[in-house]
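Peer 1: What shape does this take:
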Amino acid sequence: MTCQISTDTEGSHMSSIKEEIDRRNFLKTSAYGAALAGIAGTVGGFPSVFAQVSNKTNPSEWITGVIKEHTATSPRNSLMKTPDEKIWAAEKAWDEPLVGFASGSDPIFNEYKDKVGEFHWTPLEIFKLAFPDTPAKPEELTVIAWILPARELVKGSLRKETVNPAEPWVRARIFGELFNEELRSYTAEMLTKAGYPAVAPVLHNEYKIQKSEKYVLASNWSERHAAYAAGLGTFGLCDALITPKGKAMRCGAVVAKMPASPTKRPYTDHHAYCLHFAKGACGACISRCVGKAITTAGHDKMACNKQLGVTTQYAKEHYDIDGYGCGFCQTGTPCESRIPV
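Peer 2: Next up, the predicted model:
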């Protein structure tokens, strides 16, 4: 699939992506830096029983517990814009996470360089950027990936819509993602404190989204690809990751110098869980896409990004929320909440 665009059009389409990156600036300079320094920073106010002592005999089980407990107990895992929104504060954005592991020496990360671009980091490359003075070999590193499944309130609200995004979905996309950013920082901090230096790649100051000859737009670290490597799901026609909890979700990942057994990938085809590719059927995400960005040929990222701009305006005018929230292709489909094949 090719996409020809003018410079001016591309600039307007890139605006929502720029807003997404700008929204992370505070975390890049504070919580992330605090995690690397081994101090509490902005995420230290949420004590964890798992964080008291690291399980040296089974660190993967320990960090899985840390991630799940923080998701269950953090006040940030909510649909609230501000703490005074009592009703929204009481509603969680995400259900219990799925957690998977991939070895830093897995050949798949070098394959990503071939398939995505040379600019895509391997685990070793991003680890060396974060910890230049800490020696590490690829086999000593572990990619820890997680899936945050949307709650029924969130996905159910959008499932009923056909044109404009529902408020719970927009809130989960914006404020729920702020929790995900907190979770990245918190996980990296807990690992580092326990003696396992860790970095959240998308919070690193050199993380960026850029133009790609192959894919129009691509980042130098893909958390969906990290989750795929960690056995958590495969890609659908719309490019979303289909997981055991479906594709109405967000994902996250950190890279740590920590021993762990990789999660077995129960698939060999990167489209294994998509009905369109596996059975030659479905295509529900095509009809769900308001921006006509999905066809049997795949996902048109620039058409998608244009629609994100439409949802940004709608969210501001109707919900007084700054940010986009589309996700129609993630709901009202057979793969919304499960693996459909």
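Peer 1: Tell me which stretches of the protein form strands.
Peer 2: In the chain, the strands defined using DSSP state E lie at 98-103, 142-149, 198-199, 209-212, 216-219, 234-235, 241-242, 249-256, 294-295, 298-299.
Peer 1: which ones are touching L79?
Peer 2: Contact analysis of L79 by C-beta atoms under 8 Å, 6 or more residues apart in numbering lists 88-89, 91-93, 154, 168, 171-172, 175-176. In short, each C-beta sits where N, CA and C put it, glycine included.
Peer 1: M302 contacts K211, correct?
Peer 2: No. M302 lies out of contact with K211 (C-beta atoms under 8 Å); the separation is 10.6 Å.
Peer 1: shared neighbours of those two, which are they?
Peer 2: L217.
Peer 1: quick one, which of these two is more surrounded?
Peer 2: More crowded of M302 and K211, by other C-beta atoms under 10 Å: M302, with 18 against 11.
Peer 1: quick revisit: of the contacts of L79 - the most surrounded one?
Peer 2: Neighbour-wise, the contacts of L79 (other C-beta under 10 Å) top out at A172, 31 neighbours.
Peer 1: Serialize the strands of the chain to JSON lines and add fields for mean pLDDT.
Peer 2: Formatted as JSON lines, the strands of the chain follow (pLDDT from 0 to 100):
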{"stretch": "strand 98-103", "mean pLDDT": "98"}
{"stretch": "strand 142-149", "mean pLDDT": "98"}
{"stretch": "strand 198-199", "mean pLDDT": "98"}
{"stretch": "strand 209-212", "mean pLDDT": "80"}
{"stretch": "strand 216-219", "mean pLDDT": "82"}
{"stretch": "strand 234-235", "mean pLDDT": "98"}
{"stretch": "strand 241-242", "mean pLDDT": "98"}
{"stretch": "strand 249-256", "mean pLDDT": "98"}
{"stretch": "strand 294-295", "mean pLDDT": "96"}
{"stretch": "strand 298-299", "mean pLDDT": "93"}
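Peer 1: would you list these in TSV and tack on distance to P266?
Peer 2: TSV is the format used below for the strands of the chain (distance: least, C-beta to C-beta, whole Å):
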stretch	distance to P266
strand 98-103	11
strand 142-149	15
strand 198-199	26
strand 209-212	29
strand 216-219	26
strand 234-235	10
strand 241-242	13
strand 249-256	17
strand 294-295	26
strand 298-299	24
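Peer 1: Compare those and give me the one nearest A136.
Peer 2: Judged by C-beta to C-beta, the one of the strands of the chain that comes nearest to A136 is strand 249-256, at 9.7 Å.
Peer 1: Which strands or helices does that closest one pack on?
Peer 2: Secondary-structure packing of strand 249-256 (3 or more C-beta pairs under 8 Å, 6 or more residues apart in numbering; DSSP states H and E): helix 123-130, strand 142-149, helix 177-193, strand 198-199, helix 223-229.
Peer 1: wait, which of the strands of the chain is closest to N180?
Peer 2: Closest among the strands of the chain, using C-beta to C-beta: strand 249-256, at 5.3 Å.
Peer 1: strands paired with that closest one, and their directions?
Peer 2: Sheet pairing of strand 249-256 (DSSP bridges) gives strand 142-149 (antiparallel), strand 198-199 (antiparallel).
Peer 1: Can I get those strands in CSV including mean neighbour count?
Peer 2: Shown next, in CSV, are the strands paired with strand 249-256 (neighbours: other C-beta atoms under 10 Å):
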stretch, mean neighbour count
strand 142-149, 27
strand 198-199, 26
